[in-house]
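> Quick one, structure for this:
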Amino acid sequence: MISSYEQTKSIKFLGIKSDPLIKKMINLLMRDGKRTKAENILNKALQSLDRDYPGRAIHIFYLGIIAVRQDIGVRLKPKPKTRRNKQSFNVYLPRVISPICGLNLGMRLLLKSSREQSTLSPLWENLSKELLKASQNKGKVVSKRYSLNKLAISNKRRVHFGVRY
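Model (predicted):
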């Protein structure tokens, strides 16, 4: 039996489904066309955040998404196949990523890290923990972003900046 408090909470979070970032997160969570399951997972994650931090769940969600967005990507250029071995190592080519693509990549990394966490706890719980860590600029996804930026900065002499859409 669901209490009236829980019903109003779920209605409150389902009312923001028209937001583009919420829609994108639901689409990325969705497996095999099960949209209601994806909505329930995101709803439970936001409810969990709202229980711990009343009234701040959406704010934490947005801060987490903005913290994990990618600005710069690195493409691996393979070793040249020549007789004389001028370059015997792989070359990393930094590239600028468009803001929309960067948000999508960040959300995918966030979901991937929450799925890779322990299988004992449900996905919505792992997702709420990852969103909270990302909103505080901590966690695996944010550290991965910083290491990728560091790799791009160390290879900036090979820059051929063109925006990737």
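
> where does the protein have low pLDDT?
Along the chain, the model assigns pLDDT under 70 to residues 1-15, 79-89, 158-165.

> Quick one: the strands in it, in order.
For the chain, the strands defined by DSSP state E cover 72-77, 91-96.

> Now those strands in TSV, please, with extra columns for distance to Glu130 and mean neighbour count.
No exception for glycine: its C-beta is placed from N, CA and C like everyone else's. Output for those, formatted as TSV (distance: least, C-beta to C-beta, whole Å; neighbours: other C-beta atoms under 10 Å):
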stretch	distance to Glu130	mean neighbour count
strand 72-77	21	14
strand 91-96	26	16
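
> got these as CSV, with distance to Trp124 columns?
Output for the strands of the chain, formatted as CSV (distance: least, C-beta to C-beta, whole Å):
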stretch, distance to Trp124
strand 72-77, 29
strand 91-96, 34
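
> what's the closest of these to Tyr146?
Nearest to Tyr146 among these is strand 72-77 (11.0 Å), distances taken as C-beta to C-beta.

> quick one: the helices in the protein?
For the chain, the helices defined by DSSP state H cover 4-14, 20-29, 35-52, 57-68, 99-116, 123-135, 140-154.

> Can you give me the distance of the nearest residue to Asn104 once chain neighbours are set aside to Arg69?
Leaving aside its sequence neighbours, Asn104 sits nearest to Lys24 (C-beta to C-beta, 6 or more residues apart in numbering; 6.9 Å). As judged by C-beta to C-beta, to the nearest Å, Lys24 and Arg69 stand 12 Å apart.

> Same drill for the two, tell me which one is more crowded.
Arg69 (19 against 16; other C-beta atoms under 10 Å).

> contacting residues for the more buried one?
If you count contacts by C-beta atoms under 8 Å, 6 or more residues apart in numbering, Arg69 has them with Pro99, Gly102, Leu103, Leu105, Gly106.
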